[in-house]
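# Here is a sequence together with a model predicted from it:
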Amino acid sequence: MQQELLQTEITLENPEIAVVIRPDLGARIDRLLDKRTNHNWIWHPPHYDSTQTRSIEIGESFDRHWTGGWDEIFPNDAAGEFQGRQLVDHGEFWSQAWKILDQDESSLRLGLTCQTVPVKVEKTIRIKDAQVDLGYQFQNLSDQPISFLFKQHAAIAIEPGDEIILPDCDIEAVVLDFSRIIGQPGKTKFPTAIDKNGEVVYLNRTPEQSSQLQEFYYSSGLAIGQCGVKNPRSGSTLMMNFNLMDFPYVWMFQSYGGWNDHYVLVMEPCTTMPYDLEIAQQNGTIATLEPFQIQYRQLKVKLDRD
């Protein structure tokens with residue numbers, strides 16, 4: 001079914017889950033409700049008004065406009081010049097309204113043609129039972145290769161004592177000056193890290209809110225393509241499953257009150273590491289679309305209960 005006019009809110013729902021999508025806000029997931037446990041997994045700041053839409057120019061500040069939700073970031077994170085193009089803050093998916101291409105009771109397909117890179121993208125969201133399948137199609141419209149970063153940017157609503165789930169993997173601070181838990185450079189094995197005093201600290205439980213606590217780390221060398229959060233109070237677990245060819249890294253941004261007073265975990269399966277695309281290109285840890293290539297990536301989100 002073709003539809004020209006964008007809606008501000010679309011809900012996909014079955015007896016297990018309800019998913020609210022905002023085509024006007026970067027096609028992000030705005031709500032992911034486990035109907036069995038009544039646990040909503042998506043975080044928004046207290047001032048967020050879901051009845052409001054917005055119009056943002058490409059190049060605006062991501063942090064200044066961020067109101068939570070589950071965004072995607074493409075083709076870059078930090079703004080700057082790369083491969084002769086001027087790339088904008090956190091890419092352009094989040095700031096743009098997406099076109100609805102197709103819709104039925106259990107699925108939604110949306111599209112966007114990028115402006116900072118010659119790439120056309122389609123995103124499909126499909127629900128079945130307690131699972132959400134996210135599928136992406138990237139088409140290079142040019143005769144030149146395009147290297148990029150693509151990551152999930154899922155703002156997860158957390159509570160003290162939640163369990164952060166990662167497989168066997170290495171972790172390291174993204175920017176050590178930002179870290180308030182990790183205190184040493186270099187890699188450690190999740191869930192442990194070394195603090196500034198040389199003591200072992202654990203990163204697999206969310207602490208009580210504190211204005212001093214924030215963290216941001218990369219996860220690499222994952223044994224399997226999986227990450228998630230378990231909420232003991234509700235007995236609900238959100239688990240992301242993906243092919244490591246699609247997302248070989250997971251970034252974990254954690255504000256436990258230390259960043260803008262927010263208490264949130266942003267879980268970010270990603271194609272690329274680090275955020276500096278020039279360094280990622282040099283290291284061979286970057287994704288690339290070959291000339292005129294069509295590329296597919298997917299991620300499955302499963303809600304489990306005790």
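Right, received. Where do you want to start?
# Any regions of the stretch 51-200 of the chain where pLDDT drops low?
Residues of the stretch 51-200 of the chain meeting the criterion pLDDT under 70: none.
# That one: helices as residue ranges?
Along the stretch 51-200 of the chain, counting by DSSP state H, counting those that start in this stretch, helices occupy 62-65.
# And the strands in it, which stretches?
Along the stretch 51-200 of the chain, counting by DSSP state E, counting those that start in this stretch, strands occupy 70-73, 80-82, 85-87, 99-103, 107-113, 119-128, 131-140, 146-148, 151-156, 163-165, 170-173, 188-189, 192-194, 200-202.
# In contact with residue 33, which residues?
Residues counted as contacts of residue 33 (Cβ atoms under 8 Å, 6 or more residues apart in numbering) are 17, 18, 19, 39, 40, 41. Bear in mind the C-beta positions are built from the backbone N, C-alpha and C, glycine included.
# Pull up the gap between the first one and residue 32, please.
Meaning residue 17. Distance of residue 17 to residue 32, given as Cβ to Cβ, to the nearest Å: 7 Å.
# picking up where we left off before, with mean neighbour count and distance to residue 293 as extra columns, can I get the strands of the stretch 51-200 of the chain in TSV?
Listed next are the strands of the stretch 51-200 of the chain as TSV, based on neighbours: other Cβ atoms under 10 Å; distance: least, Cβ to Cβ, whole Å:
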stretch	mean neighbour count	distance to residue 293
strand 70-73	25	19
strand 80-82	16	18
strand 85-87	15	18
strand 99-103	17	20
strand 107-113	18	16
strand 119-128	18	10
strand 131-140	18	5
strand 146-148	23	9
strand 151-156	25	19
strand 163-165	18	33
strand 170-173	19	30
strand 188-189	14	36
strand 192-194	17	38
strand 200-202	12	42
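# Select, out of the ones you listed, the one closest to residue 248.
strand 151-156 (11.1 Å; Cβ to Cβ).
# measure residue 274 to residue 244 for me?
The separation that residue 274 has from residue 244, given Cβ to Cβ, amounts to 18 Å.
# wait, what's in contact with the residue lying closest to residue 133 once chain neighbours are set aside?
Excluding the flanking residues, the one nearest residue 133 by Cβ to Cβ, 6 or more residues apart in numbering is residue 126, at 4.5 Å. By Cβ under 8 Å, 6+ apart, the contact set of residue 126 is 12, 106, 107, 108, 132, 133, 135.
# now, which of these sits nearest residue 152?
Using Cβ to Cβ, those come closest to residue 152 at residue 132, 11.8 Å.
# correct me, but that closest one touches residue 18?
No. Here residue 132 does not reach residue 18: they are 10.5 Å apart, not a contact under Cβ atoms under 8 Å.
# what sits in contact with each of the two?
Jointly contacting residue 132 and residue 18 under the rule Cβ under 8 Å, 6+ apart are residue 32.
# Now the residue most central in space within the chain: closest residue in space, sequence neighbours ignored.
Geometric centre of the chain, nearest residue: residue 153, 1.8 Å, by Cα atoms, centre = their mean. Once flanking residues are discounted, residue 153 sits nearest to residue 71: 4.2 Å by Cβ to Cβ, 6+ apart.
# The one you found reaches residue 96, doesn't it?
No. Between residue 71 and residue 96 there is no contact under Cβ under 8 Å: 11.1 Å.
# Report how many residues lie close to the nearest residue to residue 209 once chain neighbours are set aside.
Distance criterion Cβ to Cβ, 6+ apart; nearest residue to residue 209, sequence neighbours excluded, is residue 257 at 4.2 Å. Counted with other Cβ atoms under 10 Å, the neighbours of residue 257 add up to 17.
# can you check residue 236 too?
Residues near residue 236, counting by other Cβ under 10 Å, number 21.
# cool, residue 15 as well?
Residue 15 is flanked by 9 other residues according to other Cβ under 10 Å.
# For it, list the residues it contacts.
Residue 15 neighbours (Cβ under 8 Å, 6+ apart): residue 35.
# any common contacting residues for residue 17 and residue 32?
Taking Cβ under 8 Å, 6+ apart as the criterion, residue 17 and residue 32 both touch 132, 303.
# just to revisit the earlier point, may I ask you to confirm that the residue nearest to residue 209 is in contact with residue 206?
No. Applying Cβ under 8 Å, one finds residue 257 not in contact with residue 206, separated by 11.0 Å.
# thinking residue 30 is in contact with residue 20, fair?
Yes. Using Cβ under 8 Å, residue 30 is in contact with residue 20, at 4.6 Å.
# which residues do the two both contact?
residue 9.
# still on that earlier bit, and the contacts of residue 33, which of them are in strands?
Using DSSP state E, the members of these that fall in strands are 17, 18, 19, 39, 40.
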